[in-house]
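Novice: using only what follows, build the 3D model:
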Amino acid sequence: MYVVSIDFGCGLATAQTGRGESIHTLCSWIRSNPDKLNIELSACVAVMMVPFPVSSPATVLFCLIAVLVISRVVSNRKLRTKRENIVTIGVNIKNNTNGIISQTSALLRSLTSTSEWARNGYQRFSKTPIQRAFALPSMWTGSDVVVLPPALLASVLNRPEAELAAHHAQLDTIQLPYMMSDSDVYNNPIQYDVIRRTMSRQHVGSLAATTAKELQNAFSTYWSAPVKHDRDWATLDNWEACGKVFTRVAMLSLVGSPLGHDERLLDWARKYASSVITGTAFINCLPPGWIRSSAGPLFGIQARYYQSRCLRIMVPVIQERIWKLQSGAGQDVDDFLQSTILRCSRTGDPRQMDPQRIALRLLGLATMSIMGMVYVFTHCVADVYGMPDRKREELLAALEAECKREARPDEGVTFSLLDSTLNESMRLNNISVTSLARDVAVDSLHIPGVEKAGGDAGGISYTLPRGSRIVFPTQEMHRDEGVYGRNPEEFDPFRFYREFQTEGGRFDDMCKGLLVFGYGKHACPGRHYAMQTLRQTLAYLVLNYDVALVGPVDADGGHALRGKRQTLLNVNVPNVDLKIRVRRKR
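Specialist: Below is the predicted model:
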C-alpha cells in the first residue's frame, strides 16, 4: 500500500494539534496566497485521482471540498455563459467563462475576499458615468452573484415576485430550514401581519412606556457591579451585556408577561438567537447541494436544542391563553401574543392554532429582533465610547442635553442627534457586504441599463437566466463619498444631523440611501419598533451610565479595537470579545 502526501504550504497540519487553528490558518493563507491557490487546487485534483489513501485528514478534507466546489462550478458554467456585459471580480478575466480551476479558486477565496472584491467592483463599475453591474464569486450560491448598480435599485426591486423572488433568497440568507423544526413558520409568515398592524409608525409609540420600564429593570439587573454601590465600576462583555438587555425588552414586547420575565426563557432565547446567527454563517460557507443539505443540520443542532428548551417554557403558557380565549375568558388581554393567536384563528386552519407553532412564530420574530438590535447597539457603543476623548465628550454632552430637553425622545417630531448617531453607526457597520438578494424566477429576465444624464439609453442591458441571484453593494453604497460627504469611512455622529440642519443639504438622499432595514415592500416590518427601542436605549445609557472601552488606545486617542471585525464570506462578524467598563452615574 502506497501513501500520497501533499504539503499545501499553508500549515494545515495544525488541524491535528487540537488547537482549533486550521480554519483561521486556511483563511489567512487563502487571503495571502491567491495566486498559489490555483496550483494547490490542481494538486488536489491530481491527488484525488490517485487510488491510494492520503495521510493527512486535513488534506482529505481540503481535497473533498475542492472537488465538490469544482463539480459545482462545472454545473454552473452553462448559467454563467448565458450572461453578457458582466465582468466577474476575482476571476482571471482571460478565463472569465472558462478555467474551472480559476473559478474554483475564486469560490474558495470568496470566504475571505468578498468585501475586498465588492469594494473593487463598486469603484470600477458602480462609480462610472454609466453605472454597470458586476459579479462576485460566492460559496453562498456555489456560483456568482450579480451585483447591480445603485441606480437600478428602485426599478429592479419593485418588479413583481413572479419575476424576482425574494422569499427563497431571504431563506438562503438566514438558513432557517436548518434551525427551525416547522417549515410553515417561515413559508407562511402570517406573524408579520401582526407586526405590520401593531408596530407600524402610527402604533409603535404605544409601546414606548413599557419599553422604558423594562430598560430600567434590565440595566439595573444586568449592568450592576458585583458590590452594589453607585460609584463601583463593572467590567462586562459588550456583546453579552447588550444581548441580555435587548432579549428582555424584545421578549416582553412579543410574548408579554409572565413569559417576558422568565429568566430561564430569556437565557435560552438569547442563546437560541446567537446560535441561529452563528450556524447560518457557517452553513453559508458550505458548497450548496448535497454537502450543505447533509452537513447543514449538524450546524443547526445547537439552535434546535435551545429552541426545544424555549418551547418547553412557552407552549404551556400559550396553550392556556388559547383555552381562555376559546372559552370566552381573557378577552380583555391586549398584547402581541394575543394578537398573534387571533390572527392564527382567523385563518380557519386548526393547525395554525397549534401552541408549538405559535411559539415558534414568536421565537423566530424574537431571534431577528434580538440579534438585529444587539448587532446595531454593540457597534454603536463601540463607536461612541471609542472616540477620542475630546470628540467623545462633545458628543455625550450634546446627546445628554438633547435627552433632557425631550421628555420622550421616541416621540420627537424633528430629526434628533440620537437618530443621527444611530444612523451613522448603522451606516458604517453593515451586517453584510451585499444585501437585498433576489432570485430570477423566469426563464430569462431582461434588465435595462442605466440611462445617461441626457435621458438616452445607456447601451448596456442585462439578460439573466432563471436561478441567477442578484444583490446590491449596500456596504459600499453606505460609504459613498458622493452621498455621505467627506471621510465616509469615519464615524461622524453629527453627519445626518448636520445635513438635516443645512438647507438644501444631502439629508433626503442620505436617508433614502440608508438600506439597513431593506427596501420597498420587503423592508423589515419591525423597523419602526427597532429604531424606537434603539433610540430609547441609547438615551437611557447616556443619561444613566459612564462607559469606557477596555483595551489599547490609537494614536488619535480613540479605542484601537472600536472598529475591529472580520468578514466571513458575505457576513461582517462583530468583535464579540470587546469588554466595557460601566458604572451608574450619580
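Novice: every contact and neighbour count from this point should use C-alpha atoms.
Specialist: Will do.
Novice: any idea how far apart the tips of stretch 220-239 sit?
Specialist: From its first residue to its last, stretch 220-239 covers 17 Å (Cα to Cα, to the nearest Å).
Novice: would you tell me which helix is longest in this structure?
Specialist: Ranked by residue count, the top helix of the chain under DSSP state H comes out as helix 355-385.
Novice: what's the first helix or strand after that one?
Specialist: Following helix 355-385 in sequence order, the next helix or strand is helix 389-405 (DSSP states H and E).
Novice: got the angle for whatever helix or strand comes next after that next one vs helix 355-385?
Specialist: Counting by DSSP H and E, the next helix or strand C-terminal to helix 389-405 is helix 417-428. Angle, helix 417-428 to helix 355-385, by axes from the mean of the first three to the mean of the last three Cα atoms, to 10 degrees: 100 degrees.
Novice: mean confidence for the helix or strand residue 438 falls within?
Specialist: Using DSSP H and E, residue 438 falls within strand 435-440. Strand 435-440 shows a mean pLDDT of 96 in the predicted model.
Novice: for that strand, packing partners?
Specialist: With contacts defined as 3 or more Cα pairs under 8 Å, 6 or more residues apart in numbering; DSSP states H and E, the packing partners of strand 435-440 are strand 164-165, helix 167-174, strand 469-472.
Novice: hang on, the earlier thing: can you give me the angle the longest helix of the chain makes with helix 167-174?
Specialist: Going by the same axes, to 10 degrees, helix 355-385 makes 60 degrees with helix 167-174.
Novice: what is the mean pLDDT for helix 355-385?
Specialist: Rounded mean pLDDT across helix 355-385 is 96.
Novice: tilt between that helix and helix 389-405?
Specialist: Counting by the same axes, to 10 degrees, helix 355-385 lies at 130 degrees to helix 389-405.
Novice: so which bits of helix 355-385 are buried?
Specialist: Neighbour counts over helix 355-385 (16 or more other Cα atoms under 10 Å) mark 355-385 as buried.
Novice: how about stretch 277-296?
Specialist: 277-281, 283-288, 292, 296.
Novice: and stretch 151-170, by the same measure?
Specialist: For stretch 151-170, by 16+ other Cα under 10 Å, it's 152, 156, 157, 163, 164, 165, 166, 167, 169, 170.
Novice: can you give me the first-to-last residue distance of it?
Specialist: Stretch 151-170: ends 22 Å apart by Cα to Cα.
Novice: residue 154 falls within a helix, correct?
Specialist: Yes: Residue 154 sits within a helix when classified using DSSP: H, G, I helix; E, B strand; the rest coil.
Novice: tell me which residues touch it, please.
Specialist: Counting by Cα atoms under 8 Å, 6 or more residues apart in numbering, residue 154 touches no other residue.
Novice: re the thing from before, parallel or antiparallel, list what pairs with the strand holding residue 438.
Specialist: Here strand 435-440 is paired, per DSSP bridges, with strand 164-165 (antiparallel), strand 469-472 (antiparallel).
Novice: in a markdown table, list these along with mean pLDDT and distance to residue 493.
Specialist: Below are the strands paired with strand 435-440 laid out as a markdown table (pLDDT from 0 to 100; distance: least, Cα to Cα, whole Å):
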| stretch | mean pLDDT | distance to residue 493 |
| --- | --- | --- |
| strand 164-165 | 94 | 36 |
| strand 469-472 | 96 | 25 |
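Novice: looking at those, which is nearest to residue 578?
Specialist: strand 469-472 (30.1 Å; Cα to Cα).
Novice: which residue, other than its chain neighbours, is closest to residue 434?
Specialist: Nearest residue to residue 434 in three dimensions, chain neighbours excluded: residue 473, at 4.6 Å (Cα to Cα, 6 or more residues apart in numbering).
Novice: which ones are touching that neighbour?
Specialist: Here residue 473 is in contact with 118, 122, 147, 148, 149, 150, 433, 434, 435 (Cα under 8 Å, 6+ apart).
Novice: measure the nearest residue to the second one once chain neighbours are set aside to residue 261 for me?
Specialist: So that's residue 122. Computed as Cα to Cα, 6+ apart, the closest residue to residue 122 that is not its neighbour in sequence is residue 476, at 6.8 Å. Between residue 476 and residue 261 the distance is 41 Å, computed by Cα to Cα.
Novice: ditto for residue 339
Specialist: 19 Å.
Novice: check contacts around the residue positioned nearest the centre of the chain.
Specialist: Closest residue to the average C-alpha location of the chain: residue 431 at 3.9 Å, with Cα atoms, centre = their mean. Contact analysis of residue 431 by Cα under 8 Å, 6+ apart lists 375, 571, 572, 573.
Novice: which of those residues has the weakest pLDDT?
Specialist: residue 573 (87).
Novice: return the backbone torsion pair for that one.
Specialist: Dihedral pair for residue 573: phi -80, psi 120, per degrees, to the nearest 10.
Novice: quick one on the thing from earlier: residue 89 is nearest to which of the helices and strands packed on strand 435-440?
Specialist: With distances scored as Cα to Cα, the stretch of the helices and strands packed on strand 435-440 nearest to residue 89 is strand 469-472 (14.4 Å).
Novice: what are the contacting residues of the closest one?
Specialist: 144-150, 153, 169, 434-440.
Novice: quick check on those residues: which are buried?
Specialist: So, of the contacts of strand 469-472, 144-150, 169, 434-440 end up buried under the neighbour-count rule (16+ other Cα under 10 Å).
Novice: what are the ranges of the strands in the protein?
Specialist: Here the chain has its strands, by DSSP state E, at 87-88, 134-138, 143-147, 164-165, 234-237, 435-440, 444-447, 462-465, 469-472, 545-549, 566-568, 571-573, 579-584.
Novice: what's the most buried one of the ones you listed?
Specialist: A comparison of the strands of the chain by mean neighbour count, using mean count of other Cα atoms under 10 Å, puts strand 143-147 on top with a mean of 26.
Novice: adjacent strands (with direction) for that strand?
Specialist: Strand 143-147 is paired, per DSSP bridges, with strand 134-138 (antiparallel), strand 469-472 (parallel).
Novice: so how far is it off the chain centroid?
Specialist: Centroid displacement of strand 143-147 relative to its chain, using Cα atoms, centre = their mean, to the nearest Å, is 19 Å.
Novice: extract the C-alpha set from that strand and format it as CSV.
Specialist: Written as CSV, here are the backbone C-alpha positions of strand 143-147 (Å, rounded to 0.1, in the frame of the first residue of the first chain):
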residue,chain,number,x,y,z
SER,A,143,-21.5,30.3,-8.4
ASP,A,144,-21.6,34.0,-9.0
VAL,A,145,-23.9,36.6,-7.6
VAL,A,146,-24.8,39.5,-9.9
VAL,A,147,-24.2,42.9,-8.2
